[in-house]
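# Curious how this folds, go ahead:
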Amino acid sequence: MSDLEQRVILALSKVIDPELRLPITELEMVSNISFSENQVSVEIKLTVSHCPQADYLETSVRAVLEKEFAETEVNIQMNVMTKDELAALKLKLRGDRAPKTNPFGPGTSTRVILVGSGKGGVGKSTLTANLAVELVCQGYRVGLIDADISGFSITNQLGITSRPTRLDDLMLPPIAYGVQVVSIGMFLDGNEPVSWRGPMLHKAIEQFLTDVYWDDLDFLLLDMPPGTGDVAITVGQLLPNAQALVITTPQQAASLVAVRSGLAAKRAGHEIIGVIENMSWLEQADGSKNFLFGKGGGQSVAETLGVSLMAQIPISQALSAASDAGSPLILGESLDEAGLSLKDLAKKLAETKLPKTNRTLRVKLSS
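Numbering: from 1, shown residues only. Next up is the predicted model:
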C-alpha cells in the first residue's frame, strides 16, 4: 500500500458507520483508492442499496478526505457490497456466534434489566426510555427492547420513525440518543393494533434477541408488558440471568398488583434490584406536596418483596410533555425533581451488583 493510500485509510478510519458503530475501514466498505494529478478517488460500498445512512456516509467521507487532501478534488463512488462481501461482513459481525443465537443467555457480560409492573398506566415506558438515555449519557453502551408487543410505545417515547436496516436475516436496530432500540412498532404502518396469541409473542421476543445485531452492550433494558402473562414467561426462559425493576404508584390497588409482578419475576429466577414508585406526589406552588394517589404503595411493595425502594418519582408535567414530544426529559438542561430523581436512579442501577450467576464472568463496564 502506498503512502497516499495509507493516508486515505487513516483518514477514513475516522468515519463511523452510525448503524454498525464501527469505522467503515474495519467494515471493508472502502475500496478502489486511486489518485491522479489533482484528484483522489475512492469507492464506498454500502451494505444494502437502500441504506438509510448513504447520504451521511458520503458527506462524512468527503469531509475527511477534503480535510486530508486540501485543494485536491475528491471523487466518491457509492456502490453496494456483493453477496459474498455482505456474507463476510455478517460473519465478522457475529464473531464466533452462530446465526440465530441469543447473545444474552447464560454467561453474558451484559446487564439485562427487566422493567415491569403489575398493571398498565404507571409510567413504566417513560421511565425505561429515560433510564436508557441517561445510562448512555453516563458512558455505557445500551440496548432497549420494547417487549410490550400489544402496548408498544418506546418508538414514540424516543421519537423513532425509521425501521431496522435488514442485512438478509440480520437486522440493524435504529439508534436514538445513543440507545440501540427495537420495537414491533417499527414494523407496522401507523397505529396498527397487534393482537397475537402466545406463540407469536414468543417468536417476536426471540427474534428481537437473535435476529438483531446488538453491539457489545453494557446494559440491555426490556420494557415489559403489564402483568405476568406470555411475554413474562418467554423472557424468563430466554433471559434467565436478567434482573428486574418493579414499578408501582403509591395507591394500594397498584401496589398489590405490582407485588404479583415481582413474585412472578422471582419465580422465573430473576433477581429483583428494587422498586420504583412513580407519581409519588405533585409539588404545589408553595413547595408543599399533594399526595394525589395516596402514600406508602412503593414502600409496601419493597417490604413485601424484601428489596429496597430505590426511587420515588414525583408527578411531572415536563416529563409527560417530553415523552409526548419524543425527546427524553433527562436530556434537558434544567431538570425538575423528577428528572433529577431519574438521573440518580440510573447511577444507582449502574452501581448495582450483577446477578450472582454472572459476577465472575463480568469485566468492568467500559465507558
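# residue boundaries of the strands in the stretch 201-350 of the chain?
Listed in chain order, the strands found in the stretch 201-350 of the chain under DSSP state E, counting those that start in this stretch are 219-223, 243-248, 271-278, 282-283, 289-290, 309-313.
# contact partners of the fourth one?
Taking CB atoms under 8 Å, 6 or more residues apart in numbering as the criterion, the residues outside strand 282-283 that touch it are 289, 290, 292, 314, 315, 337. From N, CA and C alone the C-beta is placed, and that goes for glycine too.
# okay, those residues in TSV with distance to residue 138 next?
Output for the contacts of strand 282-283, formatted as TSV (distance: CB to CB, whole Å):
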residue	distance to residue 138
289	29
290	32
292	31
314	22
315	25
337	20
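# Which two among these are spaced furthest apart?
Checked with CB to CB, these reach their widest spread between 292 and 337, with 15.2 Å between them.
# So for the two, which sits in the more crowded spot?
Set side by side, residue 292 and residue 337 show more neighbours around residue 337, with 17 against 13, by other CB atoms under 10 Å.
# and the gap between the more buried one and residue 55?
Distance from residue 337 to residue 55, counting by CB to CB, to the nearest Å: 41 Å.
# cool, and residue 320?
Counting by CB to CB, the gap from residue 320 to residue 55 is 35 Å.
# same question, residue 192
Here the distance between residue 192 and residue 55 works out to 29 Å (CB to CB).
# Repeat that for residue 126.
According to CB to CB, residue 126 stands 32 Å off from residue 55.
# before we move on, what about residue 75?
The value you get for residue 75 to residue 55, if CB to CB is used, is 17 Å.
# Between these two, point out the one with more neighbours.
Applying other CB under 10 Å to residue 75 and residue 55 shows that residue 75 carries more neighbours, namely 14 against 10.
# ok, what's across the strand from the more buried one?
With DSSP bridges as the criterion, residue 75 is bridged to residue 41.
# shouldn't it be in contact with residue 41?
Yes. Counting by CB atoms under 8 Å, residue 75 touches residue 41, with 4.2 Å between them.
# Mind listing the shared neighbours of the two?
Taking CB under 8 Å, 6+ apart as the criterion, residue 75 and residue 41 do not both touch any residue.
# Now do the helices in this structure.
Ranges of helices in the chain, per DSSP state H, are 3-12, 54-68, 83-94, 124-137, 154-157, 198-210, 230-238, 252-267, 297-305, 317-325, 337-351.
# As CSV, those with distance to residue 102 would be great.
CSV is the format used below for the helices of the chain (distance: least, CB to CB, whole Å):
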stretch, distance to residue 102
helix 3-12, 34
helix 54-68, 30
helix 83-94, 12
helix 124-137, 20
helix 154-157, 20
helix 198-210, 5
helix 230-238, 6
helix 252-267, 19
helix 297-305, 27
helix 317-325, 30
helix 337-351, 23
